[in-house]
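Q: I need the structure of the sequence given here:
(one chain, ligands or ions: 2)
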Amino acid sequence: MGRVEQRVSVSLKERSYDIVIKPGLIDELGMRLQSLASTERIAIVTDRHVGRYYLRTVVGQCRQAGLRPVSIVLPPGEKNKTLTTVGKILDVLAKERFERKSLLMALGGGVVGDVTGFAAAIYQRGIPFVQVPTTLVAQVDSSVGGKTGVDHRLGKNLIGAFHQPEAVWIDTTLLRTLPKREWIAGLAEVIKYGIIADSKLFSHLERKMPAILKLEPQAVMQIVKRSCEIKAQVVAEDERESDRRRILNYGHTIGHALEALGGYRSLIHGEAVGIGLVLEADLARHQGYCDLKTVDRIRSIVRSAGLSDRLTSSSLKKVWAAMQHDKKVSQGKVVGVWPSAIGQVRIAPLERATFAEWFHTVSAGGRGRSK
Ligand SMILES: NC(=O)c1ccc[n+]([C@@H]2O[C@H](COP(=O)([O-])OP(=O)(O)OC[C@H]3O[C@@H](n4cnc5c(N)ncnc54)[C@H](O)[C@@H]3O)[C@@H](O)[C@H]2O)c1
Ligand SMILES: [Zn+2]
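A: Ligands and ions are numbered 1, 2, ... in the order given. This is a model prediction of the structure:
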């Protein structure tokens, strides 16, 4: 059941590529690599958690395809998304005499994908890489779109490059070993796609959440595919994030602020985004962009996924200050993405006074706070 391959094309002229989604795809990687690799050198970059489950299979597949793989196993976690880690990858590539046509494979979540993509972007001014994403966040978001990079002590994702992969190969069965917390956090991004672009996806999530939470193969395939389609479409319209791509930032203005205020420890990214989806919807309602029913539907779906919609006790000043630090803020202006209905958003600046007024209603136990 569900062994049918799904394809989503990312149309970026000469940099176009396909996302292939198929349960069990990991056992066919060799065949796929054969049709892609133009030399026998490949480096598989993964982290310890993912490596424990899947590295042996992937190495076997590479060998079967006649490739000579080197494995680079990184320590897991966001704290390792650094230039130092990229340096370690580059050291191996140089030592192994990798060339312009050699291939990198990112086997892991968004952290592995971002560092591997960045290493591929800068080694010899750019070598090809493929993404084999293993978290829900990576399958529906980070592996698609070509943004690569690392964190800096003074800011998340501060250093990076656009570098598109040759292919994205998604095996949804790999999600079975993902810790539940990570799985649920990824659902925030899927919900986001429904709100910004697809009311049908949103209704589907409302109906199918129990099946999705049980990881039913068909239900998972469907949400991964639809999310990839939406991201691919937005990216194709605006590869370098001038305007249209901003809509992907819905839930992230407040989300990023909460994530930063929690020191990237108390809330993981998707959890912060889940709260951001609800609060930004309520802020949209406060500005007259959408009605209460829209906010309530967003709040309900976020809760049904097992995500929190609760505002942490951070003060207004801290949240606003953290919002200013987002690198998408230009010239001190916070530009928000506001739902006008499910499936539709508009982009508009947010004044501090408006934010403050709204924040007081939330802090006073108004609509923004969970009951
Ligand atoms: N490039 C982009 O466009 C983009 C978009 C969204 C997020 N991101 C980045 O992605 C990162 C977050 O990615 P993430 O949420 O995938 O986190 P992650 O890569 O840290 O993975 C989460 C945890 O799950 C483990 N794991 C991964 N796959 C597993 C599996 N199949 N089974 C068991 N354990 C597994 C990892 O080892 C890690 O401990 C952030 O750094 C964020 O900035 C980038
Ligand atoms: Zn996100």
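Q: Show me what counts as buried in stretch 122-133.
A: By neighbour count on 16 or more other Cβ atoms under 10 Å, the buried set for stretch 122-133 is 123, 127-133. Quick note: C-beta positions are derived from backbone N, CA and C, even for glycine.
Q: hey, what's Thr46 bridged with?
A: Applying DSSP bridges to Thr46 gives these bridge partners: Val73, Leu107.
Q: and it, what does it touch?
A: Thr46 makes contact with 54-55, 58, 71-74, 106-108, 112 under the criterion Cβ atoms under 8 Å, 6 or more residues apart in numbering.
Q: With Ala257 instead?
A: Residues in contact with Ala257 (Cβ under 8 Å, 6+ apart) are 319, 322-323, 325-326.
Q: Look up the closest residue to it, ignoring the ones flanking it.
A: Closest residue to Ala257 apart from its sequence neighbours, by Cβ to Cβ, 6 or more residues apart in numbering: Ala322 at 3.6 Å.
Q: Relative to ligand 1, which residue of the stretch 151-300 of the chain is the closest?
A: The stretch 151-300 of the chain approaches ligand 1 most closely through Thr177 (3.5 Å), counting by Cβ to the nearest ligand atom.
Q: do you know how far the closest residue to that residue other than its chain neighbours is from Glu216?
A: Once flanking residues are discounted, Thr177 sits nearest to Tyr53: 5.2 Å by Cβ to Cβ, 6+ apart. Tyr53 sits at a distance of 21 Å from Glu216 (criterion: Cβ to Cβ, to the nearest Å).
Q: same deal with Ile122?
A: Ile122 is 41 Å from Glu216, by Cβ to Cβ.
Q: ok, now His152?
A: 40 Å.
Q: circling back: switch the buried residues of stretch 122-133 over to JSON lines; also include pLDDT.
A: As requested, those are exported to JSON lines (pLDDT from 0 to 100):
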{"residue": "Tyr123", "pLDDT": "98"}
{"residue": "Ile127", "pLDDT": "97"}
{"residue": "Pro128", "pLDDT": "96"}
{"residue": "Phe129", "pLDDT": "97"}
{"residue": "Val130", "pLDDT": "97"}
{"residue": "Gln131", "pLDDT": "98"}
{"residue": "Val132", "pLDDT": "98"}
{"residue": "Pro133", "pLDDT": "98"}
